[in-house]
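Q: no letters, just coordinates:
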């Protein structure tokens, strides 16, 4: 993640009209490694002491790519020190920490200090276009959302044990890691006013032990997760339902975040493995020419695309990060609140917690508090 | 359905090596309509009295396309009269009736009388090939199945009320109508020995009233259904999970039965809107050339395909019925038990009932009796 | 071909509103084989004497699937005997014969006798829709057509020698066999008023000898052919160009007739291996939602489709023949001229001849007579 | 192009293990514009005097993105000054200039000075993989290549006149601009030893005048071009044929460089609009599982991909340039000859010249000198 964020910071100013940014200090745990990385990735300095860096006057922005367990501590300290903060998703490993972060962000905002959580897929041009089309009413009332995120890097039963496969270090498995993206997308695409009202969930671990350095160790997180979510508000009419399925053992799926949104007047589909494309079905087209439009989202009229290359020259995954930095810098410059906020990150985690709670209770639906607005 | 079955009976003998069959009598409720249909569809006679037809000596086979509420009565009578019986899916509208039919089929089988339920998609060449590949171990242990069946003929909120939208006549909505196909496919693809051990379900009606002849009437069946199913046995290793999602309001999906099967060594995907294609990912291919193979299932080596046209000359939907008749006739001729049996049809209905029961209990998982073998 | 035509004759009346037809006599060369085929394919009688059959009063229509070398003789005789005639493509093996057939058809037409050449792909619903859209001006002025027809049944260098690979029996190779379809489609899609004004061609044989019963024999026809064609008239503005590429050794292509039409306001693409789909790009869509629409051509509004199954239930290759018979019967009943006429078949052959002539002259462009109207 | 090259220079060191590079001077014609660009794109200095820059001791490498008419002069001077030179394609606007550049490059090489022409698509991972597979014999003998490059930025007849549409400034239209890429790919994919032996060509201008600042002006270059090329040597057996079609008016095609290679044992297809994918058909797969493998070329085993992101995280168009710079720097460091060389660039131009010559002679085939080895 540090590599991808560095890439974004390195390039954003060459493509977008944003305030100039210096890449001042790269912070890491291992002196030697962080020194090498800083040189390679183009940072002026390096450090192993994040507290010292936060204390510096010449630092305005802190971008947190550390493991989730450290997010809350660093973010709260940085905001208190008056730094704008971008934190990688998920916001934190626990709801308590997330709530503390939201409180800190809220206090900071009153002093003009900005914060943002890094659900970078909001900045994929095709998904940004999808949100626009839904907001414009092109889909009418949204009824069904199908969101899946399938990967296969754990499909091999001999893939080794790691911290990501232990509940105590990772919190959860596919659920927290990738269902979080899927759920944030549902929020993002439906837009302001929509919310998840209830959740039913299921978790499963297909490979329950894996080789560690000294023999097999138990895997204590899920390999895959399933949920249905009740949706209300926003473009949702008399109630909509989202299904979510995520897996890290779906052999042949590499980075397949797939989203389908079915509405009363139109529908959309998307696949992250073909991230430059959005498919639109518009029931307003004449009966004999209705069909799924494969839109290559590289035109000047498309979100972000006009600043890059000519039409048809496709973008890569990493520019979801470049666009995220762009939007963060613009919000700071304009003095507006960046999106998604820490509160948005907390909302995603409340949904994940409800899924987990339901899964522990054999799938029975769990209501989310009415206050859990998206 | 009568039209599609007639098409199959009309053509099966020209394509496959089966015993000669005469299309003797078409039975219907309305004298005038059934007379016209018999002429157009190529039946020698017509009748409005199924009991009289069943009593005839020159009738060997009865193919039941009547509404589900009539299946049990006709099938039981026909079997008792010594006729081989093919009955359209779903087997019946109630579990009680289905059980009676299974009992009748079992008794008849002892006298050499054959019976079969019409889950015609088992005879789509690509799906028959999929089953073969799974049985051959090409996928290793099956872990996840994703099955969805999406249509949109009820997407328009102004589509009129009909008997299919009333619980008393149709039993259920998308669940019984199309989830039955999806669930039968899961059984079919996993093969002998596999079974559904539990189910969690959810149902939703998006358009809760529709225009009838004298004003709006309440819709009392589901527009869409969701389920997760626990799977055991057969190619399933330490437990597999299937997700099922069906809808009749998924705008832009016309007849999209989509099935994905992820295993430890390979994976498969299929879409009924492109029914001549099966996609296979084989983890045994070399690392740099692994990919999803789009197999055009029209080669002489493929199920059913060799009897038709040269390779690459694609088949249509209706030939799932032609192949079904072919296999039924061959089983009768050989004196073997056709598949899927009435018992297979009952198994599907038990799963549907469990989904409905779970949905009524806010999604809590329902265990299927150990006896519910696929 | 006899099998596919028989299939069409067997089914047309069950699907379409056409005059009743009896399948009276199947004619073939080998008594035993034709007897078996007649039984299997559902013909009342069989014969080995086509002249005797043509002389019968109870025969109204003659459908000629014999090898190309026999087309002219049978067709001219049948027309003289007052029979309506459908002849498989290509019209004949020589231009002289084709001209004689056109003359016979013209004379017969004055007596109300109808004739038609079997370019069955004109009746694929997606291609019929494509023609409609072009005629409606949805593409504006047509500029470029890309037509290819790729197969691979000769890709294996060990595939055996046959009559199709000898110039004296087959006339030409891929050129006459499949480029004829591609060129007829260009005519069909552009519609009345358009014509091919010149042609440049190239032929190549990749495998120049193949195993015969007594050792290797020379292949004397082309494995593949390339052409560019100048187009004028109809929807063509200031001149359009078509490129054509056909091959029987394109490994992995099974029956891939692919057509792309680029116009000033819209474009279309089609692939016979996915024959239920037509892709439309409409420059009239708003800039941010322009894209290729994948139209599933199975709606009631689509050509032929409404008479078959519900939307989304796809058709197979053979129904291009069923639709052809339907249109032929309707034309006979209505007393109108069926299309494509023998003259249309002759036009295709003149283009093929120009391609061959150009290929023999190192590709230099050959002008087609101004009279060669499509 | 300057923006894309700058992007590559900015990022190459963060991703690949290459010698450190400073981005010293950006040269342009307009003082104000080049100053702004240098700041935005991350160059230390700017200049409007390329001769002065070339004379500097602290400059080691010159990357020429100037218009084609300036390539020869700058490149020859830079090589003479002992600078390594990368020049954008096409090598030059005339064969004479190209030959002078090849001579200069050859002389420089003896002094260890390196030169390279920027056919960046050689560095798309999927195409690099394709070349590897062909070199490994996975396709057997190559028989047919289909290469097209379709764009639509001139489809609108009202798109304005520009220097690119005048023969005196642009040399040619789609032919030089994009057919050059297609032809270089043919060379690249077939590899050492293969060559183009002859060419037949056709050019067409669909919109022959366009609005200029003071009224309509004549367009004097081609909108589209077609060619067939005879191929010999390398993986070509008894002769192969390539077809080439390029257009800038193919409505709906945005940047569609599509390449299909058909061999005796396997085939490949590629589309630049989905540049992370390569499709492989392998006749060695078992008969019932043969199909087109869609390979997502983002695995560690794939060319270039391992240095980027995890599998499934797709790359964008611009990294063909990043990879090009990487390979150029590695060649300089290793003292090896970069590829493609100026001689390779000249070979492409000889083929283009032959196509043009043939087009002027109504398509008659033009032989390329035996010496024109790829």
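A: Right, received. Where do you want to start? Just so it is clear, the structure is predicted and the values come from calculations on it, not from any experiment. Residues are numbered from 1 along each chain as shown, chains lettered A, B, ... in the order given.
Q: and residue A:212, how many neighbours?
A: Neighbours of residue A:212 under the rule other C-beta atoms under 10 Å in any protein chain shown: 13. In this view, the C-beta of every residue, glycine as well, is placed from N, C-alpha and C.
Q: quick one: pLDDT of it?
A: What the model reports for residue A:212 is a pLDDT of 95.
Q: and residue A:370, by the same measure?
A: 48.
Q: can you list the buried residues in stretch A:180-200?
A: By 16 or more other C-beta atoms under 10 Å in any protein chain shown, the buried positions in stretch A:180-200 come out as A:180-191, A:194-200.
Q: revised request: answer the last question for stretch A:69-85.
A: Buried, per 16+ other C-beta under 10 Å, within stretch A:69-85: A:70-79, A:81, A:83-85.
Q: can you tell me what sits against it?
A: By C-beta atoms under 8 Å, 6 or more residues apart in numbering or on different chains, the surrounding residues in contact with stretch A:69-85 are A:50-51, A:54-55, A:59-64, A:66, A:87-88, A:91-93, A:97-98, A:100-101, A:104-105, A:107-108, A:111, A:113-116, A:169, A:328, A:332, A:342.
Q: near chain D, which residues of chain A? Just list them.
A: Those residues of chain A that sit near chain D, judged by C-beta under 8 Å from any C-beta of the partner chain, are A:3-4, A:6-7, A:10-11, A:13-14, A:40-42, A:151, A:153, A:253-256, A:272-276, A:296, A:298, A:309-319.
Q: buried subset of those residues?
A: Buried, going by 16+ other C-beta under 10 Å: A:3-4, A:6-7, A:10-11, A:13-14, A:40-42, A:151, A:253-256, A:272-276, A:296, A:298, A:309, A:311-319, out of the residues of chain A next to chain D.
Q: for residue A:269, list the residues it contacts.
A: Contacts of residue A:269 (C-beta under 8 Å, 6+ apart): A:258-261, A:278-279, A:292.
Q: tell me the one of the residues you listed nearest chain D?
A: residue A:258 (12.2 Å; C-beta to the nearest C-beta).
Q: what about that closest one, neighbour count?
A: Neighbours of residue A:258 (other C-beta under 10 Å): 18.
Q: now do it, the pLDDT please.
A: pLDDT, residue A:258: 98.
Q: any idea which helix or strand carries it?
A: Under the criterion of DSSP states H and E, residue A:258 resides in strand A:256-263.
Q: so how far is chain C from the residue lying farthest from the centre of chain A?
A: Centroid-distance maximum for chain A: residue A:288 at 38.7 Å, with C-alpha atoms, centre = their mean. Per C-beta to the nearest C-beta, to the nearest Å, residue A:288 is found 4 Å from chain C.
Q: for the stretch 51-200 of chain A, which segments count as helices?
A: A:68-80, A:95-110, A:125-135, A:167-170, A:174, A:180-190 (DSSP state H, counting those that start in this stretch).
Q: show me the one of those that comes nearest residue B:133.
A: helix A:174 (26.2 Å; C-beta to C-beta).
Q: is any residue of the helix ranked longest in chain A near chain B?
A: Taking DSSP state H as the criterion, chain A has its longest helix at helix A:342-360. Yes: Helix A:342-360 comes into contact with chain B (C-beta under 8 Å from any C-beta), by way of residue A:358.
Q: residues of that helix that come out buried?
A: A:342-356, A:358-359.
Q: next: stretch A:127-136.
A: Here stretch A:127-136 shows A:127-131, A:133-134 as buried, counting by 16+ other C-beta under 10 Å.
Q: what does stretch A:280-295 give?
A: So for stretch A:280-295, counting by 16+ other C-beta under 10 Å, buried means A:280-283, A:285, A:288-295.
Q: excluding sequence neighbours, find me the nearest residue to residue A:265.
A: Distance criterion C-beta to C-beta, 6 or more residues apart in numbering or on different chains; nearest residue to residue A:265, sequence neighbours excluded, is residue A:140 at 3.1 Å.
Q: so for the one you found, what's the pLDDT?
A: We have a pLDDT of 97 for residue A:140.
Q: count the neighbours of it for me.
A: 19.
Q: please name the residues that touch it.
A: A:235, A:263-266, A:283.
Q: so can I have TSV of these showing pLDDT and distance to residue A:164?
A: Output for those, formatted as TSV (pLDDT from 0 to 100; distance: C-beta to C-beta, whole Å):
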residue	pLDDT	distance to residue A:164
A:235	93	36
A:263	98	36
A:264	97	41
A:265	98	42
A:266	98	38
A:283	98	43
